[in-house]
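Chemist: my questions concern the predicted model and sequence given below.
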There are 2 protein chains.
Amino acid sequence: MLSKSQISFIKSLHQKKYRKENGIFIIEGIKSITEFINSSYQIHSIYYTSQYLPLLPQNTANIKLFEVNNAELEKISTLQTPQGILALIHTPLQQKLYPKNLQNSFSLVLDNVQDPGNFGTIIRTADWFGIRYIICSENTVEAYNPKTVQSTMGSLCRVNIVYTNLASFLSETTLPVFGALLNGNDIYKTDWGKEGLILLGNEGHGIGEELIEKITEPVTIPNFGKAESLNVAVSAAIFCSELRRNVKLN
Amino acid sequence: MLSKSQISFIKSLHQKKYRKENGIFIIEGIKSITEFINSSYQIHSIYYTSQYLPLLPQNTANIKLFEVNNAELEKISTLQTPQGILALIHTPLQQKLYPKNLQNSFSLVLDNVQDPGNFGTIIRTADWFGIRYIICSENTVEAYNPKTVQSTMGSLCRVNIVYTNLASFLSETTLPVFGALLNGNDIYKTDWGKEGLILLGNEGHGIGEELIEKITEPVTIPNFGKAESLNVAVSAAIFCSELRRNVKLN
């Protein structure tokens, strides 16, 4: 049985303001929760309906566990159809970005991606293709938005997300910057080298002008039909796929 | 000024039941509306706020036009942020599927895709890569769901969507069936030939068992990380991209 103040605390975390204030976000579903328990993230507490207790991993000794009924879960869940179990997770401290973390590998760079579902799908895709860093402009949608978290399907715990001033970051980096543009070179003929950044832009406006200047390799997915553009998560996926087709992982 | 009955009619079309009953669906935004006007779709009526009148194409002589104010548009819109103009479109008759339409080309086949945003993104991606047919199981989400329509960004008017019994369809076809599975052959080494079907499954459960038997070429996007699966719209995009990288369009 949850207290009124517990319920109102968890509900407050549906809003960005309170997630930021408390440094806590919500994840839901046994699969994601298990992955976070087994990751380096710190778990604040878990709220489970009875049938999910036996499914929890063993290493929950230091986690506060609360059994809830379906009515309580519905109150605290961010989902229309709650998944029987919900956890509160401590947000990690904003990571520092060391150039050496990005060397000899490829990272995604997102300029002002706004849709939480797109961002979550990009995180999931990055995880599939073994990309460890996503560097975001400060106005990119929040990684801990419940819709972002849900779309990552647990991958959020394995991909490092860093928010920074992209204009400064891209001015300082010595890595090649592959930019997803509509008038670049054919992606299927791109020479990726052994390291680099893949820069993708906002859903409606693409990559901001001051960042376009920083692109060293403009790259385009050829258009074989009449659509004017591709969804940004789709573009990200095709870039990751082409990269992995051509470049061996370290 | 719209009448109460006009408003309630348009609002009823937010629901699948009434879209089906009336054979009419809603699209929003000047770009999509212009593309539908210039397509073979029949437009029922257009509801515009004053600044959008000059942006409409010239060939609207036979279309009923209604000027509305922002408050009226908010009432009839399916969007949280209406885009200034909304149109009602007649749904085309269910298309018959002739084997010759699918010859010498590649089509997508969707088994029970449920998320309207995923479906819309797949339609948009198909349009980008010049794929003209998407054949859907009868339980696949509706193409005229407002979220599907919105995610297609106008591409819905250029891609043929056919709903059918996939078990029968795949039993009868003589085309190769490339199935997106987790344990198939490496997509980067696939020999696509010159025609075929690309079969993709449900978000949670993949391709149904009775359809898996119909796959002639199991294909897998290699996993370089730890995510368990890819979003279905992402998989569809990587299949389309690989196809176009290898196969010349007719």
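Modeler: Sure, I can see it. Numbers count the residues shown, from 1 in each chain, chains lettered A, B, ... in the order given.
Chemist: for the nearest residue to residue A:226 once chain neighbours are set aside, grab the count of nearby residues.
Modeler: Spatially, and ignoring its direct neighbours in sequence, residue A:226 is nearest to residue B:158 (5.5 Å; C-beta to C-beta, 6 or more residues apart in numbering or on different chains). C-betas here are computed from N, CA, C, even on glycine. By other C-beta atoms under 10 Å in any protein chain shown, 19 other residues sit near residue B:158.
Chemist: looks like residue B:158 contacts residue B:36 (just checking).
Modeler: No: contact criterion C-beta atoms under 8 Å: residue B:158 and residue B:36 do not qualify, at 10.0 Å.
Chemist: contacting residues around residue A:108?
Modeler: A:122, A:126, A:131, A:133-135, A:197-198, A:200, A:236, A:239-240 (C-beta atoms under 8 Å, 6 or more residues apart in numbering or on different chains).
Chemist: check which helix or strand covers it.
Modeler: Per DSSP states H and E, residue A:108 falls inside strand A:106-110.
Chemist: mind saving the C-alpha coords of the helix or strand following that strand as PDB?
Modeler: Note on strand A:106-110: by DSSP H and E, the next helix or strand toward the C-terminus is helix A:116-128. C-alpha atoms of helix A:116-128 as PDB (Å, rounded to 0.1, in the frame of the first residue of the first chain):
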ATOM      1  CA  PRO A 116      11.100  11.400 -27.600                       C
ATOM      2  CA  GLY A 117      10.100   8.300 -29.600                       C
ATOM      3  CA  ASN A 118      12.600   9.200 -32.300                       C
ATOM      4  CA  PHE A 119      15.300   9.700 -29.700                       C
ATOM      5  CA  GLY A 120      14.500   6.500 -27.900                       C
ATOM      6  CA  THR A 121      14.600   4.600 -31.100                       C
ATOM      7  CA  ILE A 122      18.000   6.100 -32.000                       C
ATOM      8  CA  ILE A 123      19.400   5.000 -28.600                       C
ATOM      9  CA  ARG A 124      18.100   1.500 -29.200                       C
ATOM     10  CA  THR A 125      19.500   1.400 -32.700                       C
ATOM     11  CA  ALA A 126      22.900   2.700 -31.500                       C
ATOM     12  CA  ASP A 127      23.000  -0.100 -28.900                       C
ATOM     13  CA  TRP A 128      22.300  -2.700 -31.600                       C
END
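Chemist: helices of chain A, start to end?
Modeler: Shown for chain A, the helices assigned by DSSP state H span residues A:4-12, A:16-22, A:30-37, A:70-76, A:99-102, A:116-128, A:146-152, A:166-172, A:209-212, A:232-246.
Chemist: now do the helix or strand of chain A with the lowest mean pLDDT: which elements does it pack against?
Modeler: When each helix and strand of chain A is scored by mean pLDDT, DSSP states H and E, helix A:99-102 comes last, with a mean of 91. Of the remaining helices and strands, none touches helix A:99-102 by 3 or more C-beta pairs under 8 Å, 6 or more residues apart in numbering or on different chains; DSSP states H and E.
Chemist: now do the contacts for the residue nearest the centre of chain A.
Modeler: Of all residues in chain A, the one closest to the mean position by C-alpha atoms, centre = their mean is residue A:123, 3.9 Å from it. Applying C-beta under 8 Å, 6+ apart to residue A:123 gives the contacts A:134, A:143, A:148, A:151-152, A:155-156, A:159, A:161.
Chemist: contact residues of chain A facing chain B?
Modeler: Contacts of chain A with chain B, taken as C-beta under 8 Å from any C-beta of the partner chain, map to A:117, A:121, A:124-131, A:151, A:153-155, A:158, A:188, A:221-231, A:233-234, A:237-238, A:241-242, A:244-245, A:249.
Chemist: give me the buried subset of these.
Modeler: Neighbour counting with 16 or more other C-beta atoms under 10 Å in any protein chain shown marks A:117, A:121, A:124-131, A:151, A:153-155, A:158, A:188, A:221, A:223-225, A:227, A:229-231, A:233-234, A:237-238, A:241-242, A:244-245 as buried within those.
Chemist: which strands or helices does the lengthiest strand in chain A pack on?
Modeler: The residue-count maximum for a strand in chain A (DSSP state E) belongs to strand A:177-186. In terms of contacts (3+ C-beta pairs under 8 Å, 6+ apart), strand A:177-186 is packed against strand A:196-200, helix A:209-212, strand A:217-220, helix A:232-246.
Chemist: and the ones you listed as JSON lines, adding mean pLDDT?
Modeler: Compiled in JSON lines, those are given as follows (pLDDT from 0 to 100):
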{"stretch": "strand A:196-200", "mean pLDDT": "98"}
{"stretch": "helix A:209-212", "mean pLDDT": "97"}
{"stretch": "strand A:217-220", "mean pLDDT": "98"}
{"stretch": "helix A:232-246", "mean pLDDT": "97"}
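Chemist: which one of the ones you listed lies nearest to residue A:73?
Modeler: helix A:232-246 (29.3 Å; C-beta to C-beta).
Chemist: domain map for chain A?
Modeler: The record's domain split for chain A, according to automatic domain parsing, is A:4-90, A:99-246.
Chemist: how long is the shortest one end to end?
Modeler: Domain A:4-90 has an end-to-end distance of 22 Å (C-alpha to C-alpha, to the nearest Å).
Chemist: check the last one too.
Modeler: Domain A:99-246 has its terminal residues 23 Å apart, counting by C-alpha to C-alpha.
Chemist: so how far is it from its chain's centroid?
Modeler: Computed by C-alpha atoms, centre = their mean, to the nearest Å, the separation of domain A:99-246 from the middle of its chain amounts to 11 Å.
Chemist: got the contact list for residue A:202?
Modeler: Listed by C-beta under 8 Å, 6+ apart, the contact set of residue A:202 reads A:111-114, A:208, A:232.
Chemist: and these, which two are the farthest apart?
Modeler: Farthest pair in these, by C-beta to C-beta: A:208 and A:232, 13.6 Å.
Chemist: these two: which has the busier surroundings?
Modeler: residue A:232 (24 against 16).
Chemist: now the more buried one: how far from residue A:18?
Modeler: Residue A:232 sits 28 Å away from residue A:18, going by C-beta to C-beta, to the nearest Å.
Chemist: and residue A:217, what is it in contact with?
Modeler: A:176-179, A:184-185, A:190, A:196.
Chemist: between residue A:208 and residue A:232, what contacts are shared?
Modeler: A:201-202.
Chemist: before we move on, back to that, so which of the domains of chain A is the most surrounded?
Modeler: domain A:99-246 (a mean of 20; mean count of other C-beta atoms under 10 Å in any protein chain shown).
Chemist: okay but residue A:73 is in contact with residue A:79, surely?
Modeler: No: counting by C-beta under 8 Å, residue A:73 stays clear of residue A:79, with 9.6 Å between them.
Chemist: quick one: strands adjacent to the longest strand of chain A?
Modeler: Strand pairing for strand A:177-186, determined by DSSP bridges: strand A:196-200 (parallel), strand A:217-220 (parallel).
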